[in-house]
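S.K.: Take this sequence and fold it.
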Amino acid sequence: QIDGEGLDDARRLSKESASSFNLIDSKVIAIQMMDDSERRVETFIQKRGFAPKLAIITNSGSPYPEMKAKACRQAGIEVEVIEVEPLDIKDILDIIDEKNKDPQVQAILLQLPLEKVADGKLQFLTEVEEREILNRVHYTKDIDGQSESIINRIIKGDFSLYVTPTPAAVLEILDRAGVEPADKKVVLFVNPGSTDTTDAKVLEALFKARGAKVIKYAPKSSRKHYRRVTRQADILVSFINNPDEIKITAEDIKKGATVVDLGWAKNSKGSIGDVDIDSIRDKASLISPAIGGANNLSIQFVVRNTLRAATYIWGASVASAKRAQTKEEIQKASLIGSDVPTLTSIVVGDAKSSESYHRGMKRGAEAIGVQFEVLALPENITQEELLSKIAQLQSDGIIVQLPLPRHIDENTIKKAIPAEKDVDGFRFIDEDA
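M.R.: Sure thing, here's the model as predicted:
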């Protein structure tokens, strides 16, 4: 086993396994990630009493479902591979609906492309049909990050649920190789017909979130024209998928660039990528190849996301049970004359930034019988005035939205909240105020 924290060792071993001083082989990273996933899944099973389960739906004869299933099973995850006859997309939609409702399945993956029979011929689904099917997967189980719900979250900078596996693998490789995207110029070199793909959108969002300047470029003219763009890249990520017409060579990159090849195509020699490795190896500082690079490492993120889905859904079920229990307790208390519990959230300054948060909190509170209110105070309120407001509150629970304006000491405000009303847990209930 390889120490997952030894990034320097990982980088050295990866280079040695690739027989090149600057070629990153994802095999070592995959071993580390699998080792970590095995430990995490084992801990999950010990604490929760069941193994995470992934359902993979496929109908195009692709080898990838079994590759993903093998990796998940190695980590201790249960996998159901569902082969669907390519007759009607309704069959696929019905299976998705079934798995969405199945509490024993925490994760769903649709292996693209999907096929159907139309006019007596076998053909791939249209873009509209494919999007309908992808969006049918409930976002909490969409571990491939292909539904619009997940994509829109990512575009807005919310990476709290799942990140699409291949883009996640790209950032993992760069991180482990010591390549920091901040203040770098990143060029996403994409196929003209695929500028709006999920991977392109997610990669752009991930790099921007890390402080990079991102150019998404689709070549539409001569090599001379697109070189003006690719030569600017500190980090070049290519997924043209058309090596017969466009092949990245040394003349297409700047000295010292990091090059990530996500291209994939087949010719008489087998599977090939977008980049001519032999041509650029003396000019690029680091190279992640198409074969043995991020495309291969993405399977580890299927494993990781499946465990994340199981953890999230298990937590949601526990929270649901706790809400039901709390609601019942409040109802029983009201029958013997107790007042309706109240929860107050204090906002100092701009209240608009907390509106979405407060709407969710209000729905949650009212669902269990708690009265929720927002106390909006001006930004120029003094610390003494704020302390007075807190002291006067008769609410059963108090939340203070952070951060507070600079002229107010947050620790002083936290300590002013009575321990028995401190919903955020800034103080212990038995703390001597």
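S.K.: now the helices for the stretch 301-433 of the chain?
M.R.: 355-367, 383-392, 410-416 (DSSP state H, counting those that start in this stretch).
S.K.: Compare the mean pLDDT across those and name the weakest.
M.R.: Mean pLDDT is lowest for helix 355-367 among these, at a mean of 85.
S.K.: helices or strands up against it?
M.R.: Packing partners of helix 355-367 (3 or more CB pairs under 8 Å, 6 or more residues apart in numbering; DSSP states H and E): helix 294-335, strand 342-348, strand 371-377. C-beta here means a position set from N, CA and C on the backbone, and glycine is covered the same way.
S.K.: at 7 Å instead, please
M.R.: Applying 3 or more CB pairs under 7 Å, 6 or more residues apart in numbering; DSSP states H and E, one finds that helix 355-367 contacts strand 342-348, strand 371-377.
S.K.: What is the neighbour count of the closest residue in space to Gly263 that isn't next to it in sequence?
M.R.: Distance criterion CB to CB, 6 or more residues apart in numbering; nearest residue to Gly263, sequence neighbours excluded, is Asp274 at 3.1 Å. A total of 25 residues lie near Asp274 under the criterion other CB atoms under 10 Å.
S.K.: Tell me which residues touch Asp274, please.
M.R.: Neighbouring residues of Asp274 by CB atoms under 7 Å, 6 or more residues apart in numbering: 238-240, 243, 246-248, 261, 263, 290.
S.K.: and it, how far is that from Leu307?
M.R.: As judged by CB to CB, to the nearest Å, Asp274 and Leu307 stand 32 Å apart.
S.K.: coming back round to it: wait, which of the helices and strands packed on helix 355-367 is closest to Thr126?
M.R.: Nearest of the helices and strands packed on helix 355-367 to Thr126, taken as CB to CB: strand 371-377 at 45.9 Å.
S.K.: Buried residues in that closest one, which are they?
M.R.: Going by neighbour count (16 or more other CB atoms under 10 Å), the buried part of strand 371-377 is 372, 374-375.
S.K.: now swap in stretch 300-320 and tell me
M.R.: For stretch 300-320, by 16+ other CB under 10 Å, it's 300-314.
S.K.: repeat for stretch 251-266
M.R.: Across stretch 251-266, burial judged by 16+ other CB under 10 Å covers 252-253, 257-264.
S.K.: Let me have the residues you listed in TSV, extended by distance to Ser26.
M.R.: Output for those, formatted as TSV (distance: CB to CB, whole Å):
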residue	distance to Ser26
Asp252	23
Ile253	21
Ala257	19
Thr258	14
Val259	14
Val260	11
Asp261	12
Leu262	12
Gly263	15
Trp264	14
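S.K.: Might you report the residue contacts of Ile346?
M.R.: So Ile346 contacts 375, 377, 398-401 (CB under 7 Å, 6+ apart).
S.K.: Now distance to Lys90 too, for the helices and strands packed on helix 355-367, in CSV please.
M.R.: Converted to CSV, the helices and strands packed on helix 355-367 look like this (distance: least, CB to CB, whole Å):
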stretch, distance to Lys90
strand 342-348, 46
strand 371-377, 43
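S.K.: Identify whichever of those lies nearest to His407.
M.R.: strand 342-348 (10.3 Å).
S.K.: next one: stretch 104-112 to chain centre, how far?
M.R.: Stretch 104-112 sits 15 Å away from the centroid of its parent chain (CA atoms, centre = their mean, to the nearest Å).
S.K.: List the contacts of that stretch.
M.R.: Applying CB under 7 Å, 6+ apart, the contact partners of stretch 104-112 are 52-58, 62, 64-65, 68, 96, 99, 130, 133-134, 137, 141-144, 146, 302, 305-306, 309-310, 313.
S.K.: before we move on, the earlier item: wait, which of the contacts of Asp274 is closest to Ala200?
M.R.: Ala200 lies nearest to Phe239 out of the contacts of Asp274, by CB to CB, at 7.7 Å.
S.K.: And that closest one, how far from Ile150?
M.R.: Distance of Phe239 to Ile150, computed by CB to CB: 20 Å.
S.K.: Could you do Val170 as well?
M.R.: 17 Å.
S.K.: go on, Gln74?
M.R.: When CB to CB is applied, the distance between Gln74 and Ile150 equals 25 Å.
S.K.: Which residue of these two possesses the greater neighbour count?
M.R.: Neighbours were counted for Gln74 and for Ile150 using other CB under 10 Å; Ile150 has more, 25 against 13.
S.K.: quick revisit: list just the nearest of the contacts of Ile346 to Ile215.
M.R.: Gln401 (37.6 Å).
S.K.: Verify the stated contact: that closest one with Val347.
M.R.: Yes - counting by CB atoms under 7 Å, Gln401 touches Val347, with 4.8 Å between them.
S.K.: Common neighbours of those two, please.
M.R.: Contact with both Gln401 and Val347 is made by residues Ser354, according to CB under 7 Å, 6+ apart.
S.K.: Identify the residues contacting the spatially most central residue of the chain.
M.R.: Centroid-nearest residue in the chain, with CA atoms, centre = their mean: Val163, separated by 2.1 Å. Counting by CB under 7 Å, 6+ apart, Val163 touches 145, 154, 202.
S.K.: go again using 10 Å as the cut-off
M.R.: Neighbour list for Val163: 145, 150, 153-154, 169, 171-172, 202, 205-206, 301, 304-305, 308 [criterion: CB atoms under 10 Å, 6 or more residues apart in numbering].
S.K.: Wait, a strand at Val214?
M.R.: Yes - counting by DSSP: H, G, I helix; E, B strand; the rest coil, Val214 is part of a strand.
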